Structures are given as structure tokens and as C-alpha cells.
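Engineer: could you work out the structure for the sequence below:
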Amino acid sequence: MRGGPGAGAAGDPGPVAEADVVVVGATSAGVCAAAAAAEAGASVLLLEPGDHVGGMTSGGLGYTDVGDVRVLGGMAARFRAEVAAHYGVPVGAYAGPEPHVAEAVLRRWLDHPGVRVEHGAAVRSADVADRAIRTVRTADGRTWAGGAFVDATYEGDLLALAGVPSRVGREDRSLHGEAFAGRREPVPGRHAFPGWVSPFVDDPSGETPGPVLPQVRDVPLAPVGSGDGGVMSYGYRLCLTTAADRVPVERRPGYDDAHWELGRRLFRHWARAGHVPAAGSLLGLEPNLPGGKADGNSLGPFSLSVLDGTAWEYPTAGPDRREEIRRHHLHHAQDLLWFLTHDPEVPAPVRRELARWGLPADEFTDTGHLPHQLYVREARRMVGEVVLTEHDLRGPARWHDVVAMGSYHLDVREVQRTWRWVHEHPRPVGMVVTEGYYSVPVPPYPIPYRALVPRWADCTNLVVPVCVSASHVAFSSIRMEPQYQMLGHVAGLAAARAAASGRAVQAVDVAALQDELRAAGQVLALL
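Structural biologist: Next up is the predicted model:
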């Protein structure tokens, strides 16, 4: 450590510790940043509010969305290689690792003499002077000092505490001229709610307005293309198995039968049409992970995603409200499994198949075999030196300061489930609708360094590899875990360089940074 425990003036205990680089958030980006900075010779503090490292990479998102594998380099490629070596298979043989294996790999990266990991360290404030972060304070009152900082949180909490501007949710289409910006028109599709399902509690015909069902958002739809601040739905990615030692799904003490009436109406609608969904299609249950495990995903109109609008609150909510929202999402995941395996209105073939599945006994052993990480698909997005937009990805743009490449689709999950009047004869009918989902292919595209740093006028010693400077549309592609790993790698090296030189992160020698990244296997262009 550059400093260490010490005391300041009387009444001022000074920082608990200080380092060249302070990384906030032990997501996979945070782990990569900490490891890269330490390997570059910097002393590193990694502050994590929870008990685990890896974020979604170790928190249930086993089925890895890689896009074009040719762009995966640096620490993302290293992670894939170490996972393959663990299982003794070729790289890419599995869709992803088991959660506990992913965390073990990332833990090994942090086993470095230059890295100090602090769990239970939730950052609550930042001391900023002359446009630079000097210290951060955690909820327990401890203070941590650093030369350069990395905000690797999913929420962008440090950038907000430092006063760096950001945006949340969908912008208006006019802001960047993006075709896919703003509120979307509900259209048919796999994730769309079918027509003729009433939102009203007391009138299944949908003709008489009244209170709406739980899990339906009772708000008017904003005009198409307008910025409504809506974020992609959140949820829990469940790791499930059919192994003999599986932990059975149990009825949660707070399970509310009335909460699931919308699901019953959906199954009744399908039954009238003679449709029985495949059980696996409801949760994405394919044994795609090692050990015969599956990564339960949010598929279809009624899924692990929570579409009631609580995710819209989360990015800027305080700690207590965030915890309420997190538990709300966790309970939804638990209760959905119970509903699908036990409710008599769920088709018998679906119940029989899902009853074969349970929670793996060897995963998430300290959290009741349920994931420790809420899938925060998006929260704040920094407004930095360069704001990446749909045009830059679909083009793609050319940048002199490329530090990584992305390739995944523009991939926006459903944003909300609400209802609207459909003007049928002889009177309008209220129908449940979901909107927001789209998945649009893009070619491999470059990501410039300037999308990872604030503007000079806002902060000079912060690098942001997760809540990067991008529009809602562009961020929907960048947000994948392998890309976070590559950007975390960039952030760690850049922060180490800035701290060692005493220069602003905006003044880092990008050409030298690019050379260092290439030497580590980062892909900066496809030949």
C-alpha cells in the first residue's frame, strides 16, 4: 500500500488505508481492474459491499453472452481459458462456468500481494477537491484514500458521489437521432404478452375498468419515441439442476396466491388456443453448464424478469429502498418457481417437468442456494468525454483511442408490463401489454478510451468500465460481462498509469496504454 493505517490531526483519524488505485465494486470488471492494476505494479484497494466477487459472472449468469468471439481478448480471453482449463475442455466448450467455479477463478486473480480486498465496504460518500476524488467513506465510517479511482459498480454510485453527470433510462429519440431510442410501440413477439388478457382484477373480460392485477404497472404509456426514463427489467438468473442432491423448491412463507393471477390468466389464454408451452421454454432450462446445470433466464411474457416498474426506481434509490427492491426481485424468483411447479392452473406437463428441477446443493451455499447478485441490467450511464450511440455501433465509428471491442446485439429486455385500451367494437377492451424488448444485430465495433473517463471539467482521476458513457441503446450491447471484463482491464491499467504519473486519467498516454493492452492480448481491431 502506498500509505497504510495512520493518524492525522487530533480528532481526524485519517484514512484507514490508502493505495495507488481504489476500485469500488468487485464485479467482474472490478476484479479485472484490481488485478490489472496490481500486475502493473500499483497498490490496490478493492472495496466491495457484499461477501462475494464477480458480480453476475459468479452470480447466476452462467450462460455467457459473448457475441463475436474474435473480439474477446485480454482478461476476458484469460477468464475463458482458465475456465476451460479447470474443466479440461477446449475454450468455448461450455456456454459458461458454474457460478462457484467462476468465483474461484476471479478470487485467484485477487490473490496478489498488491491487492487488498475489503468486504462489507459500501461506499456512501466521496471527498472531492480540485475535480479529483481524494477519499471515499464507507457505511461503517471508515475512510479510504487513493491516487486514482475506478467505479466498477453496476449502479455508477461512485461517479454520482463524485458529481460526475449521468443519465438513467431511455432518452428521447431526438437527443441522438437513434432509431431505437425512447418508448417502443408494443409489437408481437416471443416476449410480448398475447392479446385479450384483461388487466382488471374484477373483470376478466377487460371491459370494466377497476384495480389492475398485481404485476401490471398501472400508468399511461409515454408517447412512442419519447424519453421516459425506463430501464430494462431486472431479475435473478437462477442456477438449476436435476441432480439427485438438488435442493427442492419450497413455498416461501410470504407467498401470496393472489399475486399470481396474471400468470393464471396467461395459461388460460394459451389453453383456449390449444397451446401448452414447453416447460423449458419458460425458464430457458437447457443443461448448458457443466455438471448438467442450467442458467434460468428471463424468457417469454411471464418470466424471472420483474416488470412492475420497481427497476425504474433502483438506480437512484437509497440503500434501504434498494434492499427492498432486491428482496422483491428475489421473492419473485422463488415464488415463480413455486407457482410453475404447484399451481393447478399451470398445465400438468409443465408442472411435472419443472418438478424435476431444483437448486444445486453446491451453489450459493451461504445464500440459501439462491444467487447473491441481482441482475442490474442497467442503471446510471456516465456522460463522459465521448457518448457512444446507436450510430457508433451500427456504423461502426472509427476512434483513435480504441481500447476494446464489442460485438453483442443491441439487446434491450422488456422495460415494462402495463395495459392499454384496445378500441374493439362495440366498446374498448383493456389488455395487458409488454413493451421495450428488441434485439438488433450489430457488427463488431470499437470502444474508445474516452467513453470510460469523465469530462475534464467533472473529474480527473476516475475511470468507469461498467456505467460507461453511452446512450441507452448503445449501452444495451456494451453491458455484457465479457465486455465488462475487457473494460475493467483497461480501467485498471489506465488508473495505475495515472496514479504513477500524477496525471489526469484524461491525459494518460493512450498509445502506450494500447501497446500494453495488445501485449496482454486485447483485441483492438479485426484484420
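Engineer: quick one, strands of the stretch 251-400 of the chain?
Structural biologist: Secondary structure of the stretch 251-400 of the chain by DSSP state E, counting those that start in this stretch: the strands cover 294-296, 380-382.
Engineer: tell me the most buried of those strands?
Structural biologist: Most buried of those, by mean neighbour count (mean count of other C-beta atoms under 10 Å): strand 380-382, with a mean of 27. C-beta: built from backbone N, CA, C; applies to glycine.
Engineer: so what strands line up beside it?
Structural biologist: Sheet pairing of strand 380-382 (DSSP bridges) gives strand 166-168 (antiparallel).
Engineer: model confidence over the very next helix or strand once past the strand it pairs with, on average?
Structural biologist: Next helix or strand after strand 166-168 toward the C-terminus (DSSP states H and E): helix 173-176. Taken as a whole, helix 173-176 has a mean pLDDT of 97.
Engineer: hey, C-alpha coordinates of helix 173-176 in CSV?
Structural biologist: What follows is helix 173-176, C-alpha atoms only, in CSV (Å, rounded to 0.1, in the frame of the first residue of the first chain):
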residue,chain,number,x,y,z
ARG,A,173,-35.3,9.8,-29.8
SER,A,174,-34.5,13.3,-30.7
LEU,A,175,-31.4,13.5,-28.4
HIS,A,176,-29.1,11.4,-30.6
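Engineer: what does it contact?
Structural biologist: Residues outside helix 173-176 that contact it (C-beta atoms under 8 Å, 6 or more residues apart in numbering): Ala179, Ala181, Gly182, Gly225, Ser226, Gly227, Val387, Thr389, Glu390, His391, Ser471, Val473.
Engineer: show me which of these are buried.
Structural biologist: Buried members of the contacts of helix 173-176, scored by 16 or more other C-beta atoms under 10 Å, are Ala181, Gly182, Gly225, Gly227, Val387, Thr389, Glu390, His391, Ser471, Val473.
Engineer: biggest separation within those, which pair?
Structural biologist: Gly225 and Val387 (18.8 Å; C-beta to C-beta).
Engineer: in this structure, where's the longest helix?
Structural biologist: In the chain, assigned by DSSP state H, the helix with the most residues is helix 319-342.
Engineer: show me what that one is packed up against.
Structural biologist: helix 279-283, helix 310-313, helix 348-354 (3 or more C-beta pairs under 8 Å, 6 or more residues apart in numbering; DSSP states H and E).
Engineer: highest average neighbour count across those helices?
Structural biologist: Most buried of the helices and strands packed on helix 319-342 by mean neighbour count (mean count of other C-beta under 10 Å) is helix 310-313; its value is a mean of 21.
Engineer: so, low pLDDT: which residues of this protein?
Structural biologist: For the chain, the stretches with pLDDT under 70 are 1-13.
Engineer: that one: helices as residue ranges?
Structural biologist: Remark: helices assigned in the chain by DSSP H are 28-39, 74-87, 99-110, 157-161, 173-176, 261-272, 279-283, 310-313, 319-342, 348-354, 390-394, 472-478, 481-501, 510-519.
Engineer: circling back to that earlier point, mind putting the buried ones among the contacts of helix 173-176 in JSON lines, distance to Tyr314 included?
Structural biologist: Listed next are the buried ones among the contacts of helix 173-176 as JSON lines, based on distance: C-beta to C-beta, whole Å:
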{"residue": "Ala181", "distance to Tyr314": "21"}
{"residue": "Gly182", "distance to Tyr314": "20"}
{"residue": "Gly225", "distance to Tyr314": "24"}
{"residue": "Gly227", "distance to Tyr314": "18"}
{"residue": "Val387", "distance to Tyr314": "22"}
{"residue": "Thr389", "distance to Tyr314": "24"}
{"residue": "Glu390", "distance to Tyr314": "24"}
{"residue": "His391", "distance to Tyr314": "28"}
{"residue": "Ser471", "distance to Tyr314": "19"}
{"residue": "Val473", "distance to Tyr314": "20"}
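Engineer: can you tell me how far Val31 sits from His489?
Structural biologist: Here the criterion is C-beta to C-beta, to the nearest Å. By it, Val31 lies 10 Å from His489.
Engineer: the two: which has the busier surroundings?
Structural biologist: Legend: neighbour count by other C-beta atoms under 10 Å for Val31 and His489, higher for Val31 (34 against 30).
Engineer: that one contacts Val53, correct?
Structural biologist: Yes: under the criterion of C-beta atoms under 8 Å, Val31 makes contact with Val53 at 5.5 Å.
Engineer: for the helices of the chain, which one sits closest to Glu250?
Structural biologist: Among the helices of the chain, the nearest to Glu250 by C-beta to C-beta is helix 319-342 (7.4 Å).
Engineer: Arg503 is nearest to which of the helices and strands packed on helix 319-342?
Structural biologist: helix 310-313 (38.3 Å).
Engineer: packing partners for the closest one?
Structural biologist: Secondary-structure packing of helix 310-313 (3+ C-beta pairs under 8 Å, 6+ apart): helix 319-342.
Engineer: neighbouring contacts of the helix it packs on?
Structural biologist: Here helix 319-342 makes contact (C-beta under 8 Å, 6+ apart) with 122, 124, 139, 234-236, 238, 249-252, 254-256, 259-260, 263, 279, 282-283, 303-304, 306, 310-311, 313-314, 317, 346, 350-351, 354-355, 370, 374.
Engineer: measure Gln522 to Ala76 for me?
Structural biologist: 9 Å.
Engineer: between those two, what contacts are shared?
Structural biologist: Residues touching both Gln522 and Ala76 (C-beta under 8 Å, 6+ apart) are Met486, His489.
Engineer: neighbour-wise, which of those two wins?
Structural biologist: Per other C-beta under 10 Å, whichever of Gln522 and Ala76 has more neighbours is Ala76, with 29 against 25.
Engineer: could you measure from the more buried one over to Ile478?
Structural biologist: On the measure of C-beta to C-beta, Ala76 and Ile478 end up 13 Å apart.
Engineer: equivalent analysis for Val432, please.
Structural biologist: Distance, Val432 to Ile478, by C-beta to C-beta: 31 Å.
Engineer: who has more neighbours out of these two?
Structural biologist: Per other C-beta under 10 Å, whichever of Val432 and Ile478 has more neighbours is Val432, with 30 against 24.
Engineer: isn't that one right up against Arg417?
Structural biologist: Yes: look at Val432 against Arg417 with C-beta under 8 Å: they come within range, at 6.6 Å.
Engineer: common neighbours of the two, please.
Structural biologist: Residues touching both Val432 and Arg417 (C-beta under 8 Å, 6+ apart) are Phe193, Val216.
Engineer: if we can go back for a sec, nearest to Leu46, out of the helices and strands packed on helix 319-342?
Structural biologist: Leu46 lies closest to helix 310-313 among the helices and strands packed on helix 319-342, at 26.8 Å (C-beta to C-beta).
Engineer: hmm, who's touching the closest one?
Structural biologist: Gly169, Gly229, Gly230, Val231, Met232, Ser233, Tyr234, Arg321, Ile325, His328, His329, Gln416.
Engineer: is it possible to mark the buried ones in these?
Structural biologist: Buried among these (16+ other C-beta under 10 Å): Gly169, Gly230, Val231, Met232, Ser233, Tyr234, Ile325, His328, His329, Gln416.
Engineer: tell me the two of these that are most distant?
Structural biologist: Farthest pair in the buried ones among the contacts of helix 310-313 (C-beta to C-beta) is Gly169 and His328. Separation: 18.9 Å.
Engineer: mind listing what Gly225 touches?
Structural biologist: Going by C-beta under 8 Å, 6+ apart, Gly225 touches Asp172, Arg173, Ser174, Ala181, Gly182, Arg183.
Engineer: having no further points to raise, I will conclude here.
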